[in-house]
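Chemist: Sequence first, predicted model second:
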Amino acid sequence: MTAPDPTTDGAAAPPDPVVSALAAVTGSLAGGGEERPGQVTMAQAVAKAIADERHLVVQAGTGTGKSLAYLVPAVLSGRRTVVATATKALQDQLAEVDLPFLATALNRKVRFAVLKGRSNYACLQRVDEVTEQLAQGSLELDDGADDPQAELARLVEWAETSSVGDKAELERDPSVAAWSAVSVGPRECPGASNCARGEDCFAEAARSRAASADVVVVNTHLWGLNLAADGMVLPPHEVAILDEAHTTEEVISSVCGIEITAGRFAAVARNVAAIVSDPALVAQLDSVGRGLGDDLEDHRGERLDTLDDAVMLTLSLAQAHLASAMAAVRKVPGESSADVATRKARALTAASALAEDLTQMLDPSADLVRFVNDDPGPPRMRLAPLAVADTLDRLLWNPDPAERDEGTNGPAFEGAFGGGFGDGPGGEDDEWPPTPSTVILTSATIPATLPQVLGMPEGSTEVLDVGSPFDYAHQALLYCATSLPDVREDGYPEAMRMELDRLIRAAGGRTLALFTSHRAMIAAHDELAPGLPFPVLRQGQHSKAVLVRRFSEDEPTCLFATMGYWQGIDVPGPTLSLVTIDRLPFARPDDPLLDARRERAGSSAFKTIDVPRAATLLAQGTGRLIRSINDRGVVVVFDKRLATARSYRWDLITALPPMRRTKDRAEVINHLREIRDGAT
């Protein structure tokens, strides 16, 4: 017999309120829910981190139920929380399903709101201007649409009757040009106090709802933008939870840098044209933007440590034209009407923000990398932080209050976000910390180096892995096709496609084929789709939502896709029994931003930068297979380096779920046939 603990006088320990609440919530699920020890462990760790005002990194494998594991303790803590997600699907899941369900299950009032970037909401001032132009027949909009004026008329009608003004309300996505005509970006908006329709503003109404909410759901990009804007975008909050946290470095790098495109000049030209009657001046702005786009085409994918004469000349001309435009706008009397004042403020806001960015682009600080993108779409000239850890140390982990008081981001952000959210609930700004006292990062896959990459303070950060409830050893088989040529050999593409054909037939279709490049995906689709006896969808044929729905609903269907589908795809059941990956997802060696970071890391670059990134992406891709306790299937990696590269193969394998492994094609074929026959 065990003696009672004298410190408790033999009394039973009081129940953990977080565990009890979580049990009440999961017990309300259909079927009573499932026992998930990892979920309980995570919820307790989140509650402790919030109470102790510490930071937490949690790897919670697929099926853990991590959303409820962080929502329950956050709600019980009574502290205002911002939940940032990387995907719209997860944002919708939290706001439309999880939070309402949690409030009902706990019989507790939970105030929550969804807040999006300003450009997601229609601008009523812009809508008024478009309405006037449509009536006068003076609107010019040509983006290839069959009837752009009719599309704008529909948007105007919707905006005038909507109570929210969120683009997501629309049944189908509007064209880029049409939506740009009825919305403003954060660096165009002069702020509600300087706008004739400021009192009716959809974006400001959304911010007002967020200011009174206990839980605010945003995307990670907006949360990062809030850091860059010294807290002027989101309401003050004590807890920040970043879901799908493996994307954090990429997002922070994007929002804490600068991007200059031809489109920004076109937007400034449009705003100037709305207030200044000088076609030549407007044409100059538009022309210099197009000229910059042409110049940058010659530098796609390049790191610009120095600027050539053509780019320097274009940027100098751009500065001169912007200065002329701002001088002309300032001369316009703004007292004649509220509408004129709004147009004037908007033009100055957009032009001054672009002028400031041009100044930084011409003379970047040593901690920024200047480069041109090499992905699809128009060329973009970017400045991005060389080390995200240094940026986050300044903005998040150890902010300098004096620097924040000085307003380091200038008038562009002040106008765009209306001067911030102001006082906390008690009416005193100093009741709120300048940054959240607890930051929780979670994902099904967390790179081992993530805390270091983000510069999280070691003394106040805990790292936890709660595993997954799935039995991967019995549910999934990992096949590395070592019989294929090396991916760098000429014969590999054809051999890979032949192997993929065999496996798809054995699986009865029901395949998600993932590729590391559009070229490889299209080549495989064009060669295999005509001969396969199953429907074969390809990324680009329809929207992502339509493709995933068709793939899910028609069991034999296959889907060929690239990086955008390596995460955020949730297709449980027998319709997905085979996931294939054409190559290990290493970044291109000439990626300009990563190249600069490799130089900084020196001889350890491959181990500290490239391998963790590839391991995370590989784990995300393989994670598409097992989505429920009843799923069974095979993950195939056609790249033999997963089995043969001694220096890093185990770094990749240990990042994956603990699946049974094989190199035997016959075993895989038989296994797929068994799954197929059992499903049918």
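Modeler: Now that the structure is in, tell me what you want to look at.

Chemist: mind listing the helices for the stretch 351-500 of the chain?
Modeler: Counting by DSSP state H, counting those that start in this stretch, one finds helices in the stretch 351-500 of the chain at the ranges 388-392, 401-406, 410-417, 450-453, 472-475, 492-507.

Chemist: comparing those, which gets the lowest mean pLDDT score?
Modeler: When these are ranked by mean pLDDT, helix 410-417 comes last with a mean of 42.

Chemist: so residue 559, which of the three states?
Modeler: With DSSP: H, G, I helix; E, B strand; the rest coil as the basis, residue 559 sits in strand.

Chemist: gap between it and residue 173?
Modeler: 21 Å (C-beta to C-beta, to the nearest Å). Any C-beta I mention is one placed from the backbone N, CA and C, and that applies to glycine too.

Chemist: What count of nearby residues applies to the residue lying closest to residue 339 once chain neighbours are set aside?
Modeler: With C-beta to C-beta, 6 or more residues apart in numbering as the criterion, residue 339 has its nearest non-adjacent residue at 5.1 Å, and that residue is residue 196. Here the count is done by other C-beta atoms under 10 Å, and residue 196 has 17 residues near it.

Chemist: which SSE is residue 196 in?
Modeler: Counting by DSSP states H and E, no helix or strand carries residue 196.

Chemist: Repeat that for residue 580.
Modeler: strand 578-581.

Chemist: Counting by contacts, list what that strand packs against.
Modeler: Under the contact definition 3 or more C-beta pairs under 8 Å, 6 or more residues apart in numbering; DSSP states H and E, strand 578-581 sits against helix 492-507, strand 511-514, helix 611-622, strand 633-637.

Chemist: what comes up buried for it?
Modeler: 578-581 (16 or more other C-beta atoms under 10 Å).

Chemist: One more: stretch 448-468?
Modeler: Neighbour-count burial for stretch 448-468 flags 448-451, 453-456, 460-462, 464, 466-468 (criterion: 16+ other C-beta under 10 Å).

Chemist: which other residues reach it?
Modeler: 37-39, 41-42, 45, 49, 54-64, 245-246, 248-249, 252, 387-390, 392-393, 397-398, 439, 441, 444, 446-447, 608, 612, 657 (C-beta atoms under 8 Å, 6 or more residues apart in numbering).

Chemist: Quick check on residue 542: phi, psi?
Modeler: Dihedral pair for residue 542: phi -150, psi 180, per degrees, to the nearest 10.

Chemist: which residues does it contact?
Modeler: Taking C-beta under 8 Å, 6+ apart as the test, what residue 542 contacts is residue 550.

Chemist: Okay, it and residue 494: tell me how far apart.
Modeler: Taking C-beta to C-beta, one finds residue 542 at 28 Å from residue 494.

Chemist: Pretty sure residue 159 sits against residue 182.
Modeler: Yes: contact status for residue 159 versus residue 182: in contact at 6.3 Å, counting by C-beta atoms under 8 Å.

Chemist: Looking at these two now, which is surrounded by more residues?
Modeler: residue 182 (25 against 22).

Chemist: if I pick the more buried one, what's in contact with it?
Modeler: Residue 182 neighbours (C-beta under 8 Å, 6+ apart): 122-123, 126-127, 130, 152, 155-156, 159.

Chemist: go on, residue 490?
Modeler: Applying C-beta under 8 Å, 6+ apart, no residues contact residue 490.

Chemist: residues in contact with stretch 46-54?
Modeler: 18, 55-56, 58, 69-70, 73-74, 76-77, 79, 239, 241, 437-438, 440, 460-462.

Chemist: re the thing from before, could you turn the buried ones of the contacts of residue 182 into a PyMOL selection?
Modeler: Those of the contacts of residue 182 that count as buried under 16+ other C-beta under 10 Å are selected in PyMOL with:
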select buried, resi 122+123+126+127+130+152+155+156+159
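
Chemist: Mind picking the two most distant members of the contacts of residue 182?
Modeler: Using C-beta to C-beta, the pair of these lying farthest apart is 123 and 152, separated by 13.3 Å.

Chemist: Need the overlap of contacts for residue 159 and residue 182.
Modeler: Here residue 159 and residue 182 share the contacting residues 122, 127, scored by C-beta under 8 Å, 6+ apart.

Chemist: how distant is stretch 97-110 from the center of its chain?
Modeler: 26 Å (C-alpha atoms, centre = their mean, to the nearest Å).

Chemist: Check stretch 328-343 too.
Modeler: Worked out by C-alpha atoms, centre = their mean, stretch 328-343 lies 37 Å from the chain centre.

Chemist: what comes into contact with it?
Modeler: 125, 128-129, 190, 194-197, 271-272, 274-276, 278, 281, 344-345, 347-348, 351.

Chemist: Quick check: residue 284 vs residue 323, distance?
Modeler: 11 Å.

Chemist: Have a look at those two and say which one is more surrounded.
Modeler: Taking neighbours as other C-beta under 10 Å, residue 284 and residue 323 compare with residue 284 leading, 21 against 12.

Chemist: Assumed the more buried one was part of a strand.
Modeler: No: if the criterion is three-state DSSP, then residue 284 is helix and not within a strand.

Chemist: which element is the nearest residue to residue 87 once chain neighbours are set aside on?
Modeler: Leaving aside its sequence neighbours, residue 87 sits nearest to residue 568 (C-beta to C-beta, 6+ apart; 4.3 Å). Assigned by DSSP H and E, residue 568 belongs to no helix or strand.

Chemist: Backbone dihedrals for residue 568, please?
Modeler: phi 80, psi 10.
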